[in-house]
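Asks: with the sequence up front, the predicted model follows.
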Amino acid sequence: MPLKKLIPISLIFLVLFFFPHMIFPEGLFSVLQQRVLAIFLLATMMWISDAVPAFSTSLLIIMLLVLTTTNSAPFPLREALGDDALPYTSIFNAFASPVIILFLGGFFIAMAAAKYKLDLNLARVLLKPFGTRFEIVMLGVMIITAVFSMFMSNTATSVMMLTIMTPLLAKMDSADPGSRALVISIPIAANLGGMGTPIGTPPNAIAFRYFVGEYALSFGGWMAFAVPITVILIAFSWWLLQKMYPSKSKEINITIDSQFETGLKPFIVYGTVVMTVLLWMFSSFHGINAYAVAIIPVAVFSLTGIVEKNDLKNISWDVLWLLAGGIAIGTGLATSGLAEQVVNLVPFDNYSGAMIILGISILCMVMATFMSHTATANLLMPIAVSMSISVASIADLGGLVVMGTAVALASSLGMGLPISTPPNALAHATGLVDTKDFIKTARIISPVGVLLIYVVLIALASINFF
């Protein structure tokens, strides 16, 4: 444990928590708001510094919120809160949030697909039409990676695709720029593909939880604008990689030695996956929301023995806990009134809504380059949501849905370093790409992506799509 990081962070937190008047004017925030702000700033410092694993910070957040801001806090701390104390259940509810169930459903689909080689066989079938020409094969690899990343973990998808590419890369000349293009195309496509659905990446799910009531957006509604953005960025990235890394190889041949499994359990997997995806995409026709649909694969795969007790160890519980921490801090910021209070302190009404949306998108992209995308969304989303409701100029441009999706999608564009995302780290671990390759590609793709997201969202808002 890096004590050099933890000691100053802890000291700053203690000052903010016990002596807020040393930092903020007296009367600016209530006792509850002061405590939530101290915990929020602690989370920010912990997530940025990587002093402990990101999921550990989330658990710390939940513990501190329960023990210092709720009606289950110790008596001395609770008395100072008065009637402002939050119900402790509102914080613990983060562990059972519909967003957690949505992601759990995605994890069960990914586990079942991998167990019965559905993902590998789909890759084999989908790659076949792309032939052997290098540029076209690379396009096929990017498309398949992006599609899988919409419904599976970006990390698992990248592992699978890099594994498929390994024998091919071993045959290529190490000096061939095309090998770099092929390797780096996989994390780029995985990061961009995750933008396509609410379960594609945690920041999407964090935004999606706010889209209820008058701001409701369906699973298919998200895909209606996010998939075209992904398609355009994949096509642009493919073209850019060809220009940056022209391959000496004219033809390559990918061989995947695998066949679709037959039998009752494999067919249950195939049918359940197809049914779940279709139910997600067409919720407006049957009325079942995406969260309720997500419990179907969890129940079916458990009851049929497709996912067994030992398989549960393979679930990315750290991701779920990281999400829960973000949901908890978001609840604290919203119910304490702190998010609205902070927004009101800044004269956002003096700026156009379009500039605010573009500005927070750029900020999100930059932050996500240096820290966890989920942590970035956890920190920015509650503030962005409060701004979208409080600032009239943003409300006129689609309000909460536009602001929330801008933050979520922009976070996926933070991919300029090997540490930016797990897919980047996996590609870097092959030894075929360097840090400069990530910087070289992301310095063009990421800004273009932010501008594209901005233009598409503003255009859709102008025709009342949201």
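Replies: It's in.

Asks: domain parsing for the protein?
Replies: 1-94, 98-314 (automatic domain parsing).

Asks: tell me which of those domains is the most buried.
Replies: Among the domains of the chain, the stretch with the highest mean neighbour count (mean count of other Cβ atoms under 10 Å) is domain 98-314, at a mean of 19. Heads up, the C-betas are built off the backbone N, CA and C, glycines and all.

Asks: show me how far that one is from its chain's centre.
Replies: Relative to its parent chain, domain 98-314 has a centroid offset of 14 Å by Cα atoms, centre = their mean, to the nearest Å.

Asks: mind listing what I9 touches?
Replies: Contact analysis of I9 by Cβ atoms under 8 Å, 6 or more residues apart in numbering lists 42, 45-46, 49, 51.

Asks: can you pull the pLDDT of it?
Replies: What the model reports for I9 is a pLDDT of 87.

Asks: which strands or helices does the helix or strand A294 falls within pack on?
Replies: For A294, the host element (DSSP states H and E) is helix 290-303. On a contact count with 3 or more Cβ pairs under 8 Å, 6 or more residues apart in numbering; DSSP states H and E, helix 290-303 meets helix 98-115, helix 264-281.

Asks: could you check the angle that helix makes with helix 264-281?
Replies: 170 degrees (axes from the mean of the first three to the mean of the last three Cα atoms, to 10 degrees).

Asks: can you list the buried residues in the helix or strand just after helix 290-303?
Replies: Elements were assigned by DSSP H and E; along the chain past helix 290-303, the next helix or strand is helix 317-335. For helix 317-335, the neighbour count (16 or more other Cβ atoms under 10 Å) marks 319-335 as buried.

Asks: report the mean per-residue pLDDT for whichever helix or strand comes after helix 317-335.
Replies: Sequence order places helix 338-345 as the next helix or strand after helix 317-335, per DSSP H and E. Averaged over helix 338-345, pLDDT sits at 83.

Asks: other residues contacting the helix or strand following helix 338-345?
Replies: Counting by DSSP H and E, the next helix or strand C-terminal to helix 338-345 is helix 353-370. Outside helix 353-370, the residues that touch it by Cβ under 8 Å, 6+ apart are 48, 348, 376-377, 379-380, 384, 387, 391-397, 402-403, 406-407, 409-417, 419-420, 442, 446-447, 449-450, 453-454, 457-458.

Asks: of those, grab the buried ones for ChimeraX.
Replies: Command for ChimeraX that selects the buried part of these, burial taken from 16+ other Cβ under 10 Å:
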select :48,348,376,377,379,380,384,387,391,393,394,395,397,402,403,406,407,409,410,411,412,413,414,415,416,417,419,420,442,446,449,450,453,454,457,458
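
Asks: so which of the contacts of helix 353-370 are in strands?
Replies: Residues of the contacts of helix 353-370 located in strands (DSSP state E): none.

Asks: let's see which of the contacts of helix 353-370 end up in helices.
Replies: In helices, judged by DSSP state H, the following of those are found: 48, 376-377, 379-380, 384, 387, 392-395, 402-403, 406-407, 409-411, 442, 446-447, 449-450, 453-454, 457-458.

Asks: that older thread, T435: which of the helices and strands packed on helix 290-303 is closest?
Replies: Nearest to T435 among the helices and strands packed on helix 290-303 is helix 98-115 (29.0 Å), distances taken as Cβ to Cβ.

Asks: elements contacting that closest one?
Replies: Using 3+ Cβ pairs under 8 Å, 6+ apart, helix 98-115 sits against helix 118-127, helix 134-151, helix 154-171, helix 202-208, helix 264-281, helix 290-303, helix 317-335.

Asks: quick one: mean pLDDT over that helix.
Replies: Predicted confidence along helix 98-115 averages 88 (mean pLDDT).

Asks: cool, and stretch 294-303?
Replies: Computed over stretch 294-303, the mean pLDDT rounds to 95.

Asks: switch to numbering from 110
Replies: Happy to do that; since the first residue is 110 now, the last one works out to stretch 403-412.

Asks: give me the phi and psi for T364.
Replies: The phi and psi values for T364, taken as degrees, to the nearest 10, are phi -120, psi 120.

Asks: that one: what's it in contact with?
Replies: Applying Cβ under 8 Å, 6+ apart, the residues near T364 are P276.

Asks: about what we covered before: of the helices and strands packed on helix 399-412, which is nearest Q142?
Replies: Across the helices and strands packed on helix 399-412, closest to Q142 is helix 207-224 (Cβ to Cβ), at 24.7 Å.

Asks: restricting to C-alpha, output stretch 260-280 in CSV.
Replies: This file holds the C-alpha atoms of stretch 260-280, laid out as CSV (Å, rounded to 0.1, in the frame of the first residue of the first chain):
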residue,chain,number,x,y,z
PHE,A,260,-22.5,-6.8,-25.3
MET,A,261,-19.4,-8.3,-23.6
SER,A,262,-16.6,-6.9,-21.5
ASN,A,263,-14.2,-4.8,-23.5
THR,A,264,-11.4,-6.7,-21.7
ALA,A,265,-12.7,-10.2,-22.5
THR,A,266,-13.3,-9.2,-26.1
SER,A,267,-9.7,-7.8,-26.5
VAL,A,268,-8.2,-11.0,-24.9
MET,A,269,-10.1,-13.2,-27.4
MET,A,270,-9.3,-11.1,-30.4
LEU,A,271,-5.6,-10.7,-29.5
THR,A,272,-5.4,-14.5,-28.9
ILE,A,273,-6.9,-15.1,-32.4
MET,A,274,-4.4,-12.7,-33.9
THR,A,275,-1.3,-14.1,-32.1
PRO,A,276,-0.5,-16.9,-34.6
LEU,A,277,-1.0,-14.4,-37.5
LEU,A,278,1.3,-11.8,-35.9
ALA,A,279,4.0,-14.4,-35.3
LYS,A,280,4.2,-15.0,-39.1
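
Asks: excluding chain neighbours, what is closest to I218?
Replies: Of all residues not flanking I218 in the chain, P406 sits nearest, at 5.2 Å (Cβ to Cβ, 6 or more residues apart in numbering).

Asks: could you list which residues are in contact with that neighbour?
Replies: 214, 217-218, 221, 381-382, 385.

Asks: where does the prediction get shaky in the stretch 160-309 of the chain?
Replies: Counting by pLDDT under 70, the stretch 160-309 of the chain contains no low-confidence segment.

Asks: L176: which of the helices and strands packed on helix 207-224 is closest?
Replies: Of all the helices and strands packed on helix 207-224, helix 426-444 comes closest under Cβ to Cβ, at 12.4 Å.

Asks: pLDDT of that closest one, averaged?
Replies: 88.

Asks: what helices and strands are in contact with that helix?
Replies: helix 140-158, helix 163-178, helix 197-201, helix 207-224, helix 311-317, helix 482-499.

Asks: helices and strands around the helix or strand where A570 lies, which ones?
Replies: Taking DSSP H and E as the criterion, A570 maps to helix 544-571. Applying 3+ Cβ pairs under 8 Å, 6+ apart, we find helix 544-571 packed against helix 286-302, helix 328-353, helix 462-479, helix 508-520, helix 531-538.
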